[in-house]
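Undergrad: sequence and predicted structure below; questions after.
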Amino acid sequence: MENDEPRGANDDGWYQDPPRRAPVAGRGPLAYHAGAMTVHVFAHEACLGHEMTPGHPERPARLTAIREELADPGVAAGLVWHQAPEASRAELERVHPAFYVDHIRDLSAAGGGVLDPDTSTNSRSWAAALRAAGAGVRAVAAALDGEGNAFLAVRPPGHHALASHAMGFCLFNNVVVAARAALARDDVERVLIVDWDVHHGNGTQALVERDPAIRFVSLHQWPLYPGTGRAGERGVGNVWNVPRPPGLAPGSYVRDLLAAVGEATSGWRPQLILISAGFDAMRGDPLAGFTLEAGHYLELSQRLREFGVPLVAMLEGGYDLANLRAGVRTTVEAFG
């Protein structure tokens, strides 16, 4: 895997040049193994430029906090940073209709505007959204080719975005764009999406619930925004929702999510696991009432790693910066 862009005058130190590697014959999802390896982190300074209203919880400081945490020598040595590429029109239009893609582009070009009551854009939102979606496409390709697991430190998030409607801080559905890119390959037929954000990934469910090639598992607080994600919502038998009330013992949330993953994968082994990695299910997050601690993400990541297939996690929510730093760190440490 190589950086998509050379280091330049605008590089602010987020990225390291990764080693150049020759292609490895026979590597791919069926030949993948989960031994100790480098973890690839995808980011781009364009993702700092997207801003909504003053004081909005989904803010650029989230990425700055992650960058600072992952620069710590205790974790940095195992990471290789890459500049996230832009998603192509074709990659976006596997999920979103052309008129909607044009709308996001044109609204940003006009200086930005309101898309729904809590989602808006500015003049730099288009550039950020392209990088956020493109990071998943590139990370999935590299992981499936045996390069290693990946974490995507990008924004805006994506799991609430519907095919032609932005909502919940989300413009494009990054995780589904990545899943469709994986399934466009000849060697991938089964993708598992695990959403541990405290809010239900309604956009993700709506976009995959008729596709048996994708299975979707979501743990989320109920009742809470966006009001979807009941246990009885099963798609074509490919959706497992785990709605739970706030304030439970954290181990119960972990147990119930892993039980749902077990049901979803019984007799159905995924070739790729994508994680909608929100960290707003942690104790003290201002938008919800779950009780997870950083160590629970270590446990969840380690259990998913036991499948022995590539893991790609993309940032969704998480609005307490100390929690966000700790949760991302433990997830990344488990990926290596």
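TA: Here it is on my side, so go on.
Undergrad: parallel or antiparallel, which strands does the top strand by length along the chain pair with?
TA: For the chain, the longest strand by residue count, based on DSSP state E, is strand 214-221. In the sheet, strand 214-221 lines up against strand 191-195 (parallel), strand 239-244 (parallel) (DSSP bridges).
Undergrad: just for the stretch 201-336 of the chain, where's the confidence low?
TA: The stretch 201-336 of the chain contains no residues with pLDDT under 70.
Undergrad: and the helices in it, which stretches?
TA: Along the stretch 201-336 of the chain, counting by DSSP state H, counting those that start in this stretch, helices occupy 202-208, 250-264, 294-305, 321-335.
Undergrad: and the longest helix seen in the chain with strand 191-195, angle?
TA: Ranked by residue count under DSSP state H, the longest helix found in the chain is helix 125-144. Put simply, helix 125-144 runs at 130 degrees to strand 191-195, going by axes from the mean of the first three to the mean of the last three C-alpha atoms, to 10 degrees.
Undergrad: rounded mean pLDDT for helix 125-144, please.
TA: Averaged over helix 125-144, pLDDT sits at 98.
Undergrad: how far does the helix or strand that comes right after that helix sit from the chain's center?
TA: Using DSSP states H and E, the helix or strand that follows helix 125-144 in sequence is strand 150-152. Strand 150-152 sits 8 Å away from the centroid of its parent chain (C-alpha atoms, centre = their mean, to the nearest Å).
Undergrad: before we move on, what about stretch 232-239?
TA: In terms of C-alpha atoms, centre = their mean, the centre of stretch 232-239 is found 21 Å from the chain centre.
Undergrad: same check, this time on stretch 240-250
TA: 20 Å.
Undergrad: ok, and for that stretch, which residues are buried?
TA: Within stretch 240-250, the residues that count as buried by 16 or more other C-beta atoms under 10 Å are 240-244, 250. Where you see a C-beta, it was placed from the backbone N, CA and C, and this is true even at glycine.
Undergrad: and for stretch 101-114?
TA: Buried residues in stretch 101-114 (16+ other C-beta under 10 Å): 101, 103-105, 107-108, 112.
Undergrad: quick revisit: specify the angle between the longest strand of the chain and helix 294-305 in degrees.
TA: Using the same axes, to 10 degrees: strand 214-221 against helix 294-305 is 160 degrees.
Undergrad: between helix 250-264 and strand 214-221, find me the angle.
TA: Using the same axes, to 10 degrees: strand 214-221 against helix 250-264 is 160 degrees.
Undergrad: among the buried residues of stretch 240-250, which one lies nearest to residue 332?
TA: Minimum distance to residue 332 across the buried residues of stretch 240-250 is 20.1 Å, recorded for residue 250 (C-beta to C-beta).
Undergrad: how about the CA coordinates for stretch 97-111, as CSV?
TA: Output in CSV follows, covering the C-alpha atoms of stretch 97-111 (Å, rounded to 0.1, in the frame of the first residue of the first chain):
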residue,chain,number,x,y,z
PRO,A,97,-28.2,8.7,-6.7
ALA,A,98,-26.4,11.2,-8.9
PHE,A,99,-28.8,14.0,-8.1
TYR,A,100,-28.0,13.7,-4.3
VAL,A,101,-24.3,13.6,-4.9
ASP,A,102,-24.6,16.7,-7.0
HIS,A,103,-26.7,18.4,-4.3
ILE,A,104,-24.0,17.9,-1.6
ARG,A,105,-21.4,19.2,-4.0
ASP,A,106,-23.4,22.2,-5.2
LEU,A,107,-24.5,23.2,-1.7
SER,A,108,-20.9,23.2,-0.5
ALA,A,109,-19.7,25.1,-3.5
ALA,A,110,-22.3,27.8,-2.7
GLY,A,111,-20.9,28.2,0.8
